[in-house]
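K.L.:
sequence and predicted structure below; questions after.
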Amino acid sequence: MNKVAIIVAGGSGKRMGGDLPKQFLMLHNKPVLYYTLNTFLSSYDDMQIILVLAEDYVDMGREIIDAYFEKDRIRITIGGVTRFDSVKNGLSMVTDEAIVFVHDAARCTLSADLIHRCYEKALESGSAIPVIKCSDSLRMITEDGLNEALDREKIMLVQTPQVFHSKILIPAFNIDYKDWFTDEASVVEAFGMMVSLVEGEKQNLKITHPIDMATAEKVLENLIV
């Protein structure tokens, strides 16, 4: 089965507090985006990548590709206003039947093993959403301004890559956008399909705040990159 990874790298990184989007910040003398691309390309010899970038950063993305990777395995498209739009733009470049991975560029510490497990699950059931258990206590703010405890045993934290057969994902992204579409799983569920969960990885963190860079740096020291 064809394998296509849509790497969403269109964010501005405002929460990091700097001018440069987080996917271009340096870790161990290489940009964050390098590690994400490298893990996917190394996971399968036939993995193809569609890199979704903000228009202002296309040249910077091309510089990374030219410096480290085979150009024929990575294509670039422009991101949209929302994540939904960006993923839809990436999906427009998927022309053949495939297992499609959608992954945040800022999650640069995932393992090839997670990619393999997601692929096998999606091949079997049509979808694979990596999740991890929540270790913190949780409270929900109610509509009347009060709050109540939630059972954390019933709560899972969702990660990427979110993986689907193209026959499911592409039609799902033809529905109208809703504000509560926070990931691909929510889009597919709105389309009327159930999703399958797989065990994620604690190390598969999303770089959002400056402290996450230090954590990612430590994780990468223990990975083959």
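P.N.:
Now that the structure is in, tell me what you want to look at.
K.L.:
quick check, Y57 in contact with L20.
P.N.:
No. Contact criterion Cβ atoms under 8 Å: Y57 and L20 do not qualify, at 9.0 Å. In short, each C-beta sits where N, CA and C put it, glycine included.
K.L.:
quick one, which of these two is more surrounded?
P.N.:
Set Y57 next to L20 and count neighbours by other Cβ atoms under 10 Å: Y57 wins out with 20 against 14.
K.L.:
any idea whether the more buried one is helix, strand or coil?
P.N.:
Reducing the assignment at Y57 to three states with DSSP: H, G, I helix; E, B strand; the rest coil gives helix.
K.L.:
so what's the residue count around D183?
P.N.:
Using other Cβ under 10 Å: D183 sits among 19 other residues.
K.L.:
ignore what I typed, I meant H165.
P.N.:
18.
K.L.:
any idea how far M193 is from it?
P.N.:
Distance, H165 to M193, by Cβ to Cβ, to the nearest Å: 10 Å.
K.L.:
shared neighbours, these two?
P.N.:
Shared contacts of H165 and M193 (Cβ atoms under 8 Å, 6 or more residues apart in numbering): G126, S127.
K.L.:
wait, a helix at I65?
P.N.:
Yes. According to three-state DSSP, I65 belongs to a helix.
K.L.:
you'd agree it is up against R75?
P.N.:
No. Look at I65 against R75 with Cβ under 8 Å: they stay out of range, at 9.7 Å.
K.L.:
residues in contact with stretch 169-188: which ones?
P.N.:
By Cβ under 8 Å, 6+ apart, the residues outside stretch 169-188 that reach it are 82-85, 87-88, 91, 94, 100, 102, 127, 129, 158, 160, 162, 164, 168, 190-191, 193, 195.
K.L.:
could I get the average pLDDT for it?
P.N.:
The average pLDDT for stretch 169-188 rounds to 96.
K.L.:
pull out the buried residues from that stretch.
P.N.:
L169, I170, A172, F173, Y177, F181, D183, E184, A185, S186, V187, V188 (16 or more other Cβ atoms under 10 Å).
K.L.:
filter those down to just the ones in helices.
P.N.:
Judged by DSSP state H, the buried residues of stretch 169-188 include L169, I170, A172, E184, A185, S186, V187, V188 as members of helices.
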